[in-house]
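>>> Sequence and predicted structure, then a few things I'm wondering about:
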Amino acid sequence: MAEHTHVLFVEDDDVIREATQLALERDGFAVTAMPDGLSGLEAFRANRPDIALLDVMVPGLDGVSLCRRIRDESTVPVIMLSARADSIDVVLGLEAGADDYVTKPFDGAVLVARIRAVLRRFGHASGPGSAAPAAEKSETPDGGVLTFGDLEIDTEGMEVRRGGEPVALTPTEMRLLLEFSSAPGTVLSRDKLLERVWDYGWGGDTRVVDVHVQRLRTKVGQDRIETVRGFGYKLKA
């Protein structure tokens, strides 16, 4: 039997938790469902899931704090669930290290599609019939190493150094940086980045891009990625 992708699902609403767990299991995922943040953290440490789905408003340890704790220990992909798309909770979750978010109430097929899209970016198998394609590699002249000032990007070893020191990036941040470095000096729109990095085949929330660019800047240099107002972002060549 093929190994199932393991999902940690933290949700305090019994009906949503049980219905979503059943839906995910029907799609071939193995699910550990927990009703609060503290039990969710324990389950994460005990089971090391392939992906975590965290409701923002869970008792004990809220979803944003739980995301921070997970991100302190792991680069496992995290999707936040929020009842309010315009809530500051969405931005806080992304700033805490979440890779994406889904607004409640959600359609089960949409949730599965978002899970699979995130898993493809992280190189996991994403359920039956959804094998992840191999990640594209940039062709570079110096053994796969790109250099921009004090920033070095090893596109084959998937490592980044700044001033000779290693830089820890999540897989989503790495994919975003590789997208910029593949076309330095070229302006990339938020919609294009959502399509290429987040694998959205439909319109998405551009705040996801903005927050990830903000996080990436704190690691590779505030001036390394420029904002081109009204158009998008570009990597300073």
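That came through fine.

>>> drop to CA atoms for contacts and neighbour counts, all remaining ones
Will do.

>>> low-confidence ranges in this protein?
Within the chain, the ranges that satisfy pLDDT under 70 run 1-3, 85-87, 124-143, 201-204.

>>> those helices in it, which residues are they?
14-26, 37-47, 63-73, 88-95, 108-122, 171-181, 190-196, 207-220 (DSSP state H).

>>> Kindly reformat those helices as CSV and extend each row with distance to residue 155.
Shown next, in CSV, are these (distance: least, Cα to Cα, whole Å):
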stretch, distance to residue 155
helix 14-26, 34
helix 37-47, 30
helix 63-73, 23
helix 88-95, 25
helix 108-122, 15
helix 171-181, 7
helix 190-196, 17
helix 207-220, 15
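
>>> Got the domain ranges for the chain?
According to the TED database, the chain comprises the domains 6-124, 145-235.

>>> Kindly reformat the helices of the chain as CSV containing mean neighbour count and distance to residue 158.
Below are the helices of the chain laid out as CSV (neighbours: other Cα atoms under 10 Å; distance: least, Cα to Cα, whole Å):
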stretch, mean neighbour count, distance to residue 158
helix 14-26, 15, 31
helix 37-47, 17, 25
helix 63-73, 19, 19
helix 88-95, 20, 22
helix 108-122, 19, 12
helix 171-181, 20, 8
helix 190-196, 18, 18
helix 207-220, 18, 15
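
>>> Relative to residue 150, which of the ones you listed is closest?
In terms of Cα to Cα, the element of the helices of the chain nearest to residue 150 is helix 207-220, at 9.0 Å.

>>> In terms of secondary structure, what does the closest one contact?
helix 88-95, helix 171-181, helix 190-196 (3 or more Cα pairs under 8 Å, 6 or more residues apart in numbering; DSSP states H and E).

>>> how does it look with 7 Å?
Applying 3 or more Cα pairs under 7 Å, 6 or more residues apart in numbering; DSSP states H and E, we find helix 207-220 packed against helix 88-95.

>>> Residues in contact with the helix it packs on: which ones?
56, 64, 80, 82, 208, 211 (Cα atoms under 7 Å, 6 or more residues apart in numbering).

>>> for the helices of the chain, which one sits closest to residue 228?
Using Cα to Cα, the nearest of the helices of the chain to residue 228 is helix 190-196, at 10.8 Å.

>>> for the closest one, the distance to its chain's centre please.
14 Å (Cα atoms, centre = their mean, to the nearest Å).

>>> quick one, what contacts the residue nearest the centre of the chain?
In the chain, the centroid-proximal residue (Cα atoms, centre = their mean) is residue 99; its distance is 2.3 Å. By Cα under 7 Å, 6+ apart, the residues touching residue 99 are 77-79, 172.

>>> Quick check: the gap between it and residue 161.
22 Å (Cα to Cα, to the nearest Å).

>>> distance between the ends of stretch 58-65?
Calculated as Cα to Cα, the first-to-last residue distance of stretch 58-65 is 10 Å.

>>> cool, stretch 221-232 as well?
End-to-end for stretch 221-232, by Cα to Cα: 18 Å.

>>> Give the buried residues for it.
224-227, 232 (16 or more other Cα atoms under 10 Å).

>>> Check those residues against residue 27 and report the nearest one.
Here the nearest of the buried residues of stretch 221-232 to residue 27, counting by Cα to Cα, is residue 232; it sits at 36.1 Å.

>>> And for the closest one, nearest residue in space, chain neighbours not counted?
Leaving aside its sequence neighbours, residue 232 sits nearest to residue 189 (Cα to Cα, 6 or more residues apart in numbering; 4.2 Å).

>>> And for the one you found, the neighbour number?
Residue 189 is flanked by 17 other residues according to other Cα atoms under 10 Å.

>>> any idea how far it lies from residue 231?
From residue 189 over to residue 231 (counting by Cα to Cα), the distance is 6 Å.

>>> No further questions, thank you.
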